[in-house]
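A.B. asks: Sequence and predicted structure, then a few things I'm wondering about:
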Amino acid sequence: MIYPKNLLIVRTDRIGDVVLSLPLAGMIKDRFPECKITFLVRNYTKDIVAGHPFIDEIIILEEKNGRTKFFQNVENISLKNYDYSIVVYPTFLISLIVFSAGISKRIGTGYRWYSLLFNKKVFAHRRFAEKHELEFNVDLLKEIDIVKNVSPGNIAFDLRINEESKKEVEKILLKNGINIEEPIIIVHPGSGGSAVDLPLTKFNELIILLNTNLKARIILTGSKSEINLCESLVTSDEIKNFAGILNLSQLTAMISMSDIFIYNSTGPIHIAAALGKYVVGFYPKILSCSAKRWGPYSTKSLIFTPEINCENCTRGKCEKINCMNSINIKNVFAEINNIYKFIVNNGEINA
């Protein structure tokens, strides 16, 4: 086969999806050190790939009012003379843009009606969640003669922290009386609708337990649309609501300064996992958004699922019987408390 010299990786969806594609760059560079690697991403996720040691260039998807500009993107990509593309996130329009840009070898799924736009096809039904999303991404590399058996213990994301953003976050924390030398726990209660969430009453119960029993600072994060949601969980002056005030680079920097990240299924959890943080998550048993496919790819994670029997669960069924409400928060706190003790005792379990 002809090996890639100028390769485009296309990942034009959300934060977590982009994070779970980062390891591809390092694997390609390891196999083909001279290959130039470019990531095509949306503007709001560009900070995830910025500064990555194995990504040579970033192209921002041209959009207007949330709609992809076909001809402008075709022109931008055509000018780069890529010999290979890997379309990790295959919408019809994105696939057509890559095809129309004249890239000779186009790797993508073989199971869409528009898969004829790819001439190197990978056949895998991701919706059955037979493996993790990151592992599905790595399987695409088989078409360029890269075969990797990955696991949470041997993966490298190489996510970088922007130093200017880190300084800005340090100022925000100092202004709010938070000492970064003390344990910091971030709670991210929103999910943007990507999954069925732990009820707010359960988050409230957990936050009260954390704030009452642990000598740690509790920070709430979320998007601008989640400001009020987070504010409803502020039960003490010691709990700080930073929802809506951090950009993605600043949020990444803040996560890097934390010790434990607690969340519903959402993009920032993959940032925390990539940065090696302890992560505690809540997932429904719905196959398409289960932890098996979308959980943190980490050896430092705790996953909690409904404690009732809801096999073959659907979103409608899960919401109707409120199965996420069956998660026992006292058990969750007990597990977090064990992690907290491990952290404050510098890894000495019995200290």
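C.D. replies: On my side now, so go ahead. Model, not experiment: these values are computed from the prediction. Numbers count the residues shown, from 1 in each chain.
A.B. asks: From now on I want contacts and neighbour counts done on CA atoms only, so please keep to that.
C.D. replies: Fine.
A.B. asks: Could you pull out the strands in the stretch 151-300 of the chain for me?
C.D. replies: For the stretch 151-300 of the chain, the strands defined by DSSP state E, counting those that start in this stretch occupy 184-188, 217-220, 239-241, 260-264, 278-282.
A.B. asks: Quick check: which of the ones you listed is nearest to Ile178?
C.D. replies: strand 217-220 (7.1 Å; C-alpha to C-alpha).
A.B. asks: who's in contact with that closest one?
C.D. replies: Contacts with strand 217-220, where a contact means C-alpha atoms under 8 Å, 6 or more residues apart in numbering, come from 178, 182-189, 207, 210-211, 230, 238-243.
A.B. asks: Counting neighbours, which bits of it end up buried?
C.D. replies: Arg217, Ile218, Ile219, Leu220 (16 or more other C-alpha atoms under 10 Å).
A.B. asks: hmm, back to that, a markdown table for the strands of the stretch 151-300 of the chain, including mean pLDDT?
C.D. replies: As requested, the strands of the stretch 151-300 of the chain are exported to a markdown table (pLDDT from 0 to 100):
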| stretch | mean pLDDT |
| --- | --- |
| strand 184-188 | 96 |
| strand 217-220 | 96 |
| strand 239-241 | 96 |
| strand 260-264 | 94 |
| strand 278-282 | 95 |
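A.B. asks: nearest to Tyr114, of those strands?
C.D. replies: Closest among the strands of the stretch 151-300 of the chain, using C-alpha to C-alpha: strand 260-264, at 33.1 Å.
A.B. asks: Which secondary structure elements does that closest one sit against?
C.D. replies: Strand 260-264 sits against strand 184-188, helix 267-274, strand 278-282, with contacts defined as 3 or more C-alpha pairs under 8 Å, 6 or more residues apart in numbering; DSSP states H and E.
A.B. asks: Contacts for it next, please.
C.D. replies: Contacts of strand 260-264 (C-alpha under 8 Å, 6+ apart): 184-191, 195, 197-198, 255, 269, 272, 277-283.
A.B. asks: Quick one: the helices in this protein, in order.
C.D. replies: 15-19, 22-31, 46-49, 70-78, 92-100, 133-139, 163-175, 200-213, 227-231, 248-256, 267-274, 291-294, 315-321, 329-344 (DSSP state H).
A.B. asks: Which of the ones you listed sits closest to Phe118?
C.D. replies: Taking those one by one with C-alpha to C-alpha, helix 92-100 is closest: 7.5 Å.
A.B. asks: Settle this for me: Leu210 is touching Phe333, isn't it.
C.D. replies: Yes. If you go by C-alpha atoms under 8 Å, Leu210 and Phe333 touch, sitting 7.2 Å apart.
A.B. asks: about what we covered before: give me the buried subset of the contacts of strand 217-220.
C.D. replies: 178, 183-189, 207, 210-211, 230, 239-243.
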